[in-house]
Structures are given as structure tokens and as C-alpha cells.
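> Prediction below, plus the sequence it came from.
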Amino acid sequence: MFQKQNIKKLAPVALAFAFLGGTSFAAYEHFSKPDTISNWVENNMPVVKARLDEKNNGANVAMIPADFSYASQKATASVVHIKSTLKPERNVSQQVPDELRDFFGGRSPFGQEGPQGEGRAEKAQASGSGVIINPEGYIVTNNHVIQGAESLEVTLADKRVFKAKVIGSDPNTDIALIQIDAKNLPALSFGSSENVKVGQWVLAVGNPFNLTSTVTAGIVSAKGRSINILGENSKAPVESFIQTDAAVNPGNSGGALVDLNGNLIGINTAIASQTGQFAGYSFAVPSSIAHKVVEDISKFGSVQRGYLGVGISEVDGAKVKSYDLKVNEGVRVESFSEQSAAREAGLKIGDIITKVDGHLIESVPQLQESIAQHKPSDKVVVNVNRAGVDKELTVTLKSNTGTLVAEKSAQTLDNLGIELQDLTTQQKKNWDVEQGVIVSQINAGKVRQNTDMQDGFVITKIDKTPVGNVQQAMKALESKKGGVMIEGVYPGSQETQYYAIGL
């Protein structure tokens, strides 16, 4: 099994996105799960009977499936090939972290040459995979597959080609949702990644090296893996990958990881390699996270993520000894944010979080995955061990601004496609602004569609009315109809910028 410390050693030079290459949309019933075929598998699939140990006198017999044709046929019909044309000013080499640029030899990590020719700004081409999750043309893929794309071309399994539009994306989970103008498409149903077990068979389906409809088989090697690869392009990365030994290569990004029923349990995202090709380890975003992300994007235009508001660390042998802990596994609360939902619910520094909504928490990625499935104002039941005493607390999650977002405010921000944060005293001093709020992230919405506003913009006035914090900004935006004028500055610049946005 690939240990965590080995992952960390590989990270600077060996971990890379397999670059080359959640979901009740209008109605949740679009994604109802198919009838199980477990009985069919057991009764009809050829198996290899392998005695584990002759000393057991045949008591233990492993039943190994030798035919993956059902799941393969189902998945390949729903996996698509995505080709993207990148904007010259945002070619792939500019997006790749420094420690990975040499790894890709200064070329596009998508396996194709970047801009060619001297004095020309020829547009780079890249490719990856995607999964149809709704008959109306909705496709889930990786954010890094579509990031910086000027145009997207999707080729279906039946060879039809369509132009695609981006509905929304989430760098924090590396998940994106796109759509093509097509109907009655074969869609994969979401399976439960929470029920996936280490050692079970899985299939990876994608388009490695532009080889369409490629299926590889392997087992789940581990769950809840964090490989520290999303931080370059995100502010609050959520990493709780499913690790498998199914062969995944450049081009598989955004493709399907399915169980033997052909249900989608993950989106293939990254590989661990020293050569850029598959070397035994691949990683997929669990369906529990992908489902929530695309559901939010479809409904709201951006991801609605709840936060506990805690600083945390993983319990290990050293902490057990140092703090005389009464449990050997869990996540220790180290600190709280200014307006922490967890602190308001009664958690204390030193508490060991052991469960969330009844699910065991043994690592930081597991806790992140559990909370990432919820939105602000959701209530979660958190079990903690405090000096040997088990306690159960109910936490009402907040937004990343530390506020309980009212429904109207949330809808306003979703419509605009922006996330806001209060300015700290130090930021006001450094940037020489008296008051304002910072646009911490821009998602799909009216701001992105109608302006060139960038992350980090400091809003100082809304329709000439000064705003001093997030609540004031949201209150001002809620009352506007027809249109609004947003005024502010970029950090380090004294030049006032104006953005007019229709509501």
C-alpha cells in the first residue's frame, strides 16, 4: 500500500494531474440508481477459484471476477473525449506548478505540444475525458481539463462531435460541469463512494494518449488520500481521493471510475509518477464530492460549501503520547476561526473529532470529505472525545466568511457568481483602504459573464454607498433591481475600477 509519507516524498517531483488527456439538476430523480446486478454477477460471471492457503484445507476460497464486460459496456457509452483550445495568455505551461514544469519537459502536460512557431501566439491544444451524468447533455470532468479553455469540443462514444459550454467549475475539488446541445444521451448513475471498500474491483474508463474508450481494471488501494496537489489553483482544497491501481495515464483526467455495476464512484484526476506515465498509483475524486459540486453548480451556479471553522491536525502516536489522548484515531481541534461554527456549538481546542453524522473520522481528508458534502446553514452531528469523555454536538455550518448565509443573500451571490470576505486590519493597512470587502473567488455567474473582474478585487462602494463588511455588501446587493455599479480597487493600485452589472 502506498504510504502517506511516500506520497509526500513524491509530491515535489512525481505527483501530477493526469492532465492529457454531484447532481440533482432540475430534478434528483434523473440520477436514480439502476437495479443492482449483484446476483447476476455472482451467478453468471466466470470466476477463478483460487485457494488462499492449502493449510486451510480449502476453507478460504477467493472468488475473483474474470469478466468486466457489463460495467465496461455501460461506462464506455457514457465517457466522452474532450478537446480544448486554450487561450494564448493562459496556456497550460503557465498554469502548471513550478515543481511540475520540468516534469513535463516544458511542454503541455496534456501530451501535446504547446504554442508553436517563433513570433506566433498559436493556440495550444489539450485533451481529456468526461462523463455524461444527465441525458440532456450534462458532463462532469476535471477543472484542470477545461481551465483556461477558449473552446471545448466533445466527441461521444458514437463519434458524434459537439461544442460544449462551461456551466461552472470548482478548483477546490478539481471538478467542472459542462454541457453539450444533445438529448437522450446514455448517462451514468452516481454510486456511493462512501460504501466503496478497499480491495474491491473497479474500472477506469477514459481516453489516454487520445486512445478513445479505453478500459483498465484494478482494485481500490486506499481511501481518503491527500496528495497536496490542488493547492496551486485553489484557496481551500478538499482532497480525499480514492486511490486505485487501475492504469490511468495522461488523457484519463475527468474520466470515470466505476464499480462492477457500472455506477460512477469517482472522477479520475491524478497519477503518482516519476516519468509522467502510469507507475502503479492513480487517484479519483469520490462521487460523494463530485455529486455535491455539480448539484450546486447546476442549481446555484457555484458551490455552496459549509465550514466548521476549525484548524485541525491528525491524531498520531506522537500526539497520543504528548497530549495523553484517550483515543488513537481522529482529528484534533487546534484552533478556531473568528466566527467559528464549531466553537459556537461547544467544541473546544483539544477535542478529538471521531465521527460526523455517524461516519467514523480517522483522518483530515475524511473530515474534509464529510463536511464538503454540506452547505452553509446545514446541521451536522459531530462526535468528539474530550479528555476521555465522548460527547455529541450539533454544529450549524457557516460560509467561509464565518456567517450564516440567509437564503436571499446566498441566491444574490450565486447569481453574481462571487464569494466575499471581510478585509483584515492588516490588509486595510497594506493596501491603504479604509473599508471594503474582498472578492475571494469568482465562479460561474453574471460577474464572469459580463465583466473582466479578477479574484482579489476590493469592493469599496456599491452604487456609491460605502461598504465595510460582507453583511453590508450583501444587504446592499439584495435591494438592487435591474443593475448595480460596483466600485473598488485592486490591491497595490490606487486606480478606482468600476463594474456595471445587470441583475
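Okay, I see it.
> Identify the structural domains in this structure and state their residue ranges.
Annotated domains of the chain cover 1-37+71-299, 310-396, 407-502 [automatic domain parsing].
> Quick check: which of the ones you listed is buried the most?
For the domains of the chain, the largest average neighbour count (mean count of other CB atoms under 10 Å) is found in domain 1-37+71-299, namely a mean of 20. C-beta coordinates here come from the backbone N, C-alpha and C atoms, glycine included.
> In the stretch 201-350 of the chain, where is pLDDT below threshold?
231-235 (pLDDT under 70).
> Kindly recompute the last result at 80.
210, 231-236, 272-280, 300-302 (pLDDT under 80).
> what do you get for the stretch 351-500 of the chain?
In the stretch 351-500 of the chain, residues with pLDDT under 80: 400-415, 417, 441, 443-445, 449, 478-482.
> likewise the stretch 1-150 of the chain?
In the stretch 1-150 of the chain, residues with pLDDT under 80: 1-67, 87-123.
> Distance check, the residue nearest the centre of the chain against residue 422.
The chain has residue 173 as the residue nearest its centroid, 1.7 Å off, counting by CA atoms, centre = their mean. Look at residue 173 and residue 422: by CB to CB, to the nearest Å, they are 25 Å apart.
> On the three-state scheme, the residue nearest to the centre of the chain is what?
When classified by DSSP: H, G, I helix; E, B strand; the rest coil, residue 173 comes out as coil.
> ok, it touching residue 285?
Yes - counting by CB atoms under 8 Å, residue 173 does reach residue 285; the two are 6.0 Å apart.
> where exactly do the strands run in the stretch 251-400 of the chain?
Ranges of strands within the stretch 251-400 of the chain are 256-258, 264-272, 281-286, 310-314, 331-336, 352-356, 359-360, 379-386, 389-396, based on DSSP state E, counting those that start in this stretch.
> and for the shortest one, what are the contacting residues?
The set of residues that contact strand 359-360 without belonging to it, under CB atoms under 8 Å, 6 or more residues apart in numbering, is 194, 329, 354, 366, 370.
> What is the most widely separated pair among those?
Within the contacts of strand 359-360, 194 and 329 form the most distant pair, 17.7 Å apart (CB to CB).
> Residue 370 is in contact with residue 356, isn't it?
Yes - at 4.1 Å, residue 370 counts as touching residue 356 under the criterion of CB under 8 Å.
> Identify the contacts common to these two.
residue 380.
> Name all residues that make contact with residue 255.
Here residue 255 is in contact with 79, 128, 129, 130, 131, 204, 205, 206, 207, 248, 267, 268 (criterion: CB under 8 Å, 6+ apart).
> Make a markdown table from those residues and add distance to residue 477 and secondary structure to it.
Listed next are the contacts of residue 255 as a markdown table, based on distance: CB to CB, whole Å; DSSP: H, G, I helix; E, B strand; the rest coil:
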| residue | distance to residue 477 | secondary structure |
| --- | --- | --- |
| 79 | 40 | strand |
| 128 | 36 | strand |
| 129 | 38 | strand |
| 130 | 34 | strand |
| 131 | 35 | strand |
| 204 | 44 | strand |
| 205 | 43 | strand |
| 206 | 41 | strand |
| 207 | 42 | coil |
| 248 | 43 | coil |
| 267 | 33 | strand |
| 268 | 39 | strand |
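> quick check, nearest of these to residue 390?
residue 267 (35.6 Å).
> which residues does the closest one contact?
131, 140-142, 175, 254-257, 284-285, 287, 290.
> and the next element down the chain from the single longest strand found in the chain?
When the chain is scanned for its longest strand (criterion: DSSP state E), the result is strand 214-225. Later in the chain than strand 214-225, the nearest helix or strand by DSSP states H and E is strand 241-244.
> Alpha carbons of that following strand, in PDB - could you do that?
The C-alpha coordinates for strand 241-244 follow below in PDB (Å, rounded to 0.1, in the frame of the first residue of the first chain):
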ATOM      1  CA  PHE A 241      -9.000  10.800  -3.100                       C
ATOM      2  CA  ILE A 242      -9.800   7.200  -3.900                       C
ATOM      3  CA  GLN A 243      -6.500   5.500  -4.700                       C
ATOM      4  CA  THR A 244      -6.500   2.600  -7.100                       C
END
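> which residues in this protein form helices?
4-14, 38-44, 69-76, 92-95, 98-101, 143-146, 287-300, 317-323, 341-345, 364-372, 407-416, 425-431, 446-450, 470-478 (DSSP state H).
> any idea how far the nearest residue to residue 184 once chain neighbours are set aside is from residue 149?
Spatial nearest neighbour of residue 184, excluding adjacent residues (CB to CB, 6 or more residues apart in numbering): residue 135 at 5.5 Å. For residue 135, the distance to residue 149 equals 24 Å [CB to CB].
> returning to what we had before: just send the contacts of residue 255 back as CSV, with distance to residue 303 too.
Converted to CSV, these look like this (distance: CB to CB, whole Å):
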residue, distance to residue 303
79, 24
128, 21
129, 22
130, 18
131, 18
204, 25
205, 25
206, 24
207, 26
248, 25
267, 15
268, 20
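> quick check, nearest of these to residue 395?
Nearest member of the contacts of residue 255 to residue 395, counting by CB to CB, is residue 267, at 28.3 Å.
> in the sheet, who's paired with the closest one?
residue 285 (DSSP bridges).
> what's the answer for residue 391, then?
Applying DSSP bridges, one finds that residue 391 bridges with residue 384.
> my guess is it meets residue 381, correct?
No - with contact defined as CB under 8 Å, residue 391 does not reach residue 381; the gap is 11.0 Å.
> show me the contacts for residue 143.
Contacts of residue 143 by CB under 8 Å, 6+ apart are 169, 170, 171, 173, 174, 175, 176, 233.
> mind running it again at 7 Å?
169, 170, 171, 174, 175, 176 (CB atoms under 7 Å, 6 or more residues apart in numbering).
> Fine by me, thanks again.
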